[in-house]
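**Student:** Return atomic coordinates for the entry below.
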Amino acid sequence: MKGPVSITAVGTAGPDALVIDFSDGSQAEFNLFWLADNCPDGFHPQTGERQFDLLSMPDVPVIKSKNILANGCVELQWAHDGSTSHFSPEWLLAHRPGVRRDDPAGIAPVLWTHKDLPNGPPRHAASTILSSDAALGSWLTDTRRYGLTLVDGIQGGGEASMAIARRIGFLRETNFGQTFEVMNKPDPNNLAYTALALPLHTDLTNQETPPGYQFLHCIANDAAGGGSTFADGFAIAQALREADEQAFLTLATVSIPCRFFDSDVDIRTRRPVISLDENGDVHEIAYNAHLVDLIDLPADTGNRWYKAYRAFMRLTRDSTFCINFRMAASEMAAFDNRRILHGREAFNPETGARHLHGCYVDRVEFDSRLRMLAATQ
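**Tutor:** Reported below is the predicted structural model:
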C-alpha cells in the first residue's frame, strides 16, 4: 500500500515556471502565473470564489524564495510584494497541468441501437426515487449514461411527475410555460398539440440553449395509435461519421436558422445539427425539421448541407436505431433532449384520450445533483 506523497525537490524551469519532484517518482512543471492565480490562499474561505487579482502580478513574476516546510508544504515568496503562497504536495499532484478535476457527473455515454435495448430503456420506480438519495443517484446515472430511462408507478397527475423532476433541480421555463400538456388541442401552436405523427426530433432547437433533460409523464393513453419512438442521436451521428465523414463534418460546422413563432413570440437562433466538444466528440444534437427556418446558405454550402442533412434524416428513419413502445398511464420517459430523438405515431383522438404532461430540467442542474449526491456518499 502506497504511503502519502511528498515533495522531494523544487527547481526552476526557465524564468516563468517551477519544477516539482514528488516522492512517487513523478515530476510536474507549474507556470508561475498559474501558481499565483490558483493558490488556495487566493480563494474566499466561505464562498470558494477566487479573490486573487491576476493583474496584481508584474509581467515578469519573480519568486524571491521557495522552501519545503516542515509540514511538507511548499512556500513561495513573491518578489514584487513579499506575499507568500502555500501548496500541499497532495494538492499540487492532484492539480498538475493537464489533469482535470474529478467530476462525478462525467459519466461516459453508452451509445445504443435497437438491438442494445431489447427490453427497452432502464426502468426505475418513482417511489424509491422520491424517498431515497441512492435510488435517485442510480436513476440519474442511468439517464446520463443511456440518455433515456423510464420511471414506473407515478401516483397522481402532473404534480407527481414534477415532484420527481424537482428532486433534480429547478424546472426550466420556456415560452410554453414551466410545464406543458401534450394532447390534441383545438387551436394548436405546435405540432405536438395535434394528433399527427411526429418524426424523430429534439425539442426547441430554436432556443439559444435548448432544454437539457425532458420528462414526459403519461397521464392517459387510451387512443388508437400514439406509440412512442426514441433513438440515440449520438449513435446516429457516429454512424454518419463512419459512413460519410464529410457529411458529418458539414452538419457539425454549418449553422442553420431555427425558428418558432406564434401570436406571442418569434424566437430564432442559428446552430449546427451536430455540436462537438473540444475533443471532437459529439456533445449535442439539434435536429428538428419542423423548426428549421428558410435555409439562407450560399449555394455551394447549401448543396453540401442538404446532402448531409438528408443522409442524417435517412438514418433517423432506419429501424436499426429506433426503439418503439406504448407508454402506459403512470409511466414517465426521462431523456436528454440534446442527445435523444423522440417521436410518436399518429393517434385517433375519437377513440380515447392521449395526454402527456411534460417539463424540462437543464443539463447543468442535472449534473449538479449528481455531484452533490456523490459528495454525500
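
**Student:** Assign residue 106 to helix, strand or coil.
**Tutor:** Following DSSP: H, G, I helix; E, B strand; the rest coil, residue 106 is assigned to coil.

**Student:** Compute the number of surrounding residues for it.
**Tutor:** 12 (other C-beta atoms under 10 Å). Where C-beta positions appear, they are placed from N, C-alpha and C, glycine not excepted.

**Student:** gap between it and residue 371?
**Tutor:** Remark: distance between residue 106 and residue 371 (C-beta to C-beta, to the nearest Å) = 10 Å.

**Student:** Any idea how many residues pack against the nearest residue to residue 192 once chain neighbours are set aside?
**Tutor:** Computed as C-beta to C-beta, 6 or more residues apart in numbering, the closest residue to residue 192 that is not its neighbour in sequence is residue 182, at 5.2 Å. For residue 182, the tally of surrounding residues (other C-beta under 10 Å) stands at 19.

**Student:** cool, residue 44 as well?
**Tutor:** For residue 44, using other C-beta under 10 Å, the count is 9.

**Student:** what stretches of this structure score poorly on pLDDT?
**Tutor:** In the prediction, the chain carries residues with pLDDT under 70 at positions 1-3.

**Student:** Domain-wise, how is this structure divided?
**Tutor:** Following automatic domain parsing, one finds the domains of the chain at 7-94, 114-375.

**Student:** what's the most buried one of those domains?
**Tutor:** Among the domains of the chain, ranked by average contacts under mean count of other C-beta atoms under 10 Å, first place goes to domain 114-375 (a mean of 18).

**Student:** Run the chain-centre distance for it.
**Tutor:** Distance of domain 114-375 from the chain centroid (C-alpha atoms, centre = their mean, to the nearest Å) equals 13 Å.

**Student:** tell me the phi and psi of residue 222?
**Tutor:** phi -100, psi -10 (degrees, to the nearest 10).

**Student:** Identify the residues contacting the closest residue to it other than its chain neighbours.
**Tutor:** Excluding the flanking residues, the one nearest residue 222 by C-beta to C-beta, 6+ apart is residue 352, at 3.0 Å. Residues counted as contacts of residue 352 (C-beta atoms under 8 Å, 6 or more residues apart in numbering) are 220, 222, 223, 224.

**Student:** hang on, the first one in a helix?
**Tutor:** The reference is to residue 220. No - Residue 220: not assigned to a helix; according to three-state DSSP it is strand.

**Student:** Verify the contact between residue 244 and residue 304 for me.
**Tutor:** No - contact between residue 244 and residue 304 fails when scored by C-beta atoms under 8 Å: they sit 11.2 Å apart.

**Student:** Give me the common contacts of the two.
**Tutor:** Residues touching both residue 244 and residue 304 (C-beta under 8 Å, 6+ apart): none.

**Student:** Quick check: bridge partners of residue 216?
**Tutor:** Beta-bridge pairing of residue 216 under DSSP bridges involves residue 333, residue 358.

**Student:** For it, give me its contacts.
**Tutor:** Contacts of residue 216 by C-beta under 8 Å, 6+ apart are 182, 327, 332, 333, 342, 356, 357, 358.

**Student:** mind listing what the last one touches?
**Tutor:** The reference is to residue 358. 179, 180, 181, 182, 214, 215, 216, 217.

**Student:** For residue 258, see how far away the second one is.
**Tutor:** Right, residue 180. Distance from residue 180 to residue 258, counting by C-beta to C-beta: 19 Å.

**Student:** Just the helices from this protein, written as ranges.
**Tutor:** Remark: helices assigned in the chain by DSSP state H are 32-38, 89-94, 126-131, 133-146, 158-166, 233-243, 245-253, 299-316, 363-375.

**Student:** Next, format these as JSON lines and append distance to residue 264.
**Tutor:** Output for the helices of the chain, formatted as JSON lines (distance: least, C-beta to C-beta, whole Å):
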{"stretch": "helix 32-38", "distance to residue 264": "46"}
{"stretch": "helix 89-94", "distance to residue 264": "51"}
{"stretch": "helix 126-131", "distance to residue 264": "34"}
{"stretch": "helix 133-146", "distance to residue 264": "32"}
{"stretch": "helix 158-166", "distance to residue 264": "22"}
{"stretch": "helix 233-243", "distance to residue 264": "29"}
{"stretch": "helix 245-253", "distance to residue 264": "31"}
{"stretch": "helix 299-316", "distance to residue 264": "30"}
{"stretch": "helix 363-375", "distance to residue 264": "26"}
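
**Student:** who wins for proximity to residue 208 among those?
**Tutor:** Among these, the nearest to residue 208 by C-beta to C-beta is helix 363-375 (14.0 Å).

**Student:** what's the closest one packed up against?
**Tutor:** Helix 363-375 is packed against helix 133-146, with contacts defined by 3 or more C-beta pairs under 8 Å, 6 or more residues apart in numbering; DSSP states H and E.

**Student:** Need the contact partners of the helix it packs on.
**Tutor:** Helix 133-146 is touched from outside by 105, 107-110, 112, 117, 121-122, 124-125, 128-129, 149, 151, 167-168, 213, 232, 334-336, 366-367, 369-370, 373-374, 376-377, with contacts defined as C-beta under 8 Å, 6+ apart.

**Student:** Please report how far the residue nearest to residue 52 when sequence neighbours are not counted lies from residue 49.
**Tutor:** Nearest non-adjacent residue to residue 52, counting by C-beta to C-beta, 6+ apart: residue 42, 3.3 Å away. To residue 49, residue 42 is 10 Å away according to C-beta to C-beta.

**Student:** try residue 281
**Tutor:** With C-beta to C-beta as the criterion, residue 281 and residue 49 are 30 Å apart.

**Student:** where's residue 78 relative to residue 225, distance?
**Tutor:** Counting by C-beta to C-beta, the gap from residue 78 to residue 225 is 72 Å.
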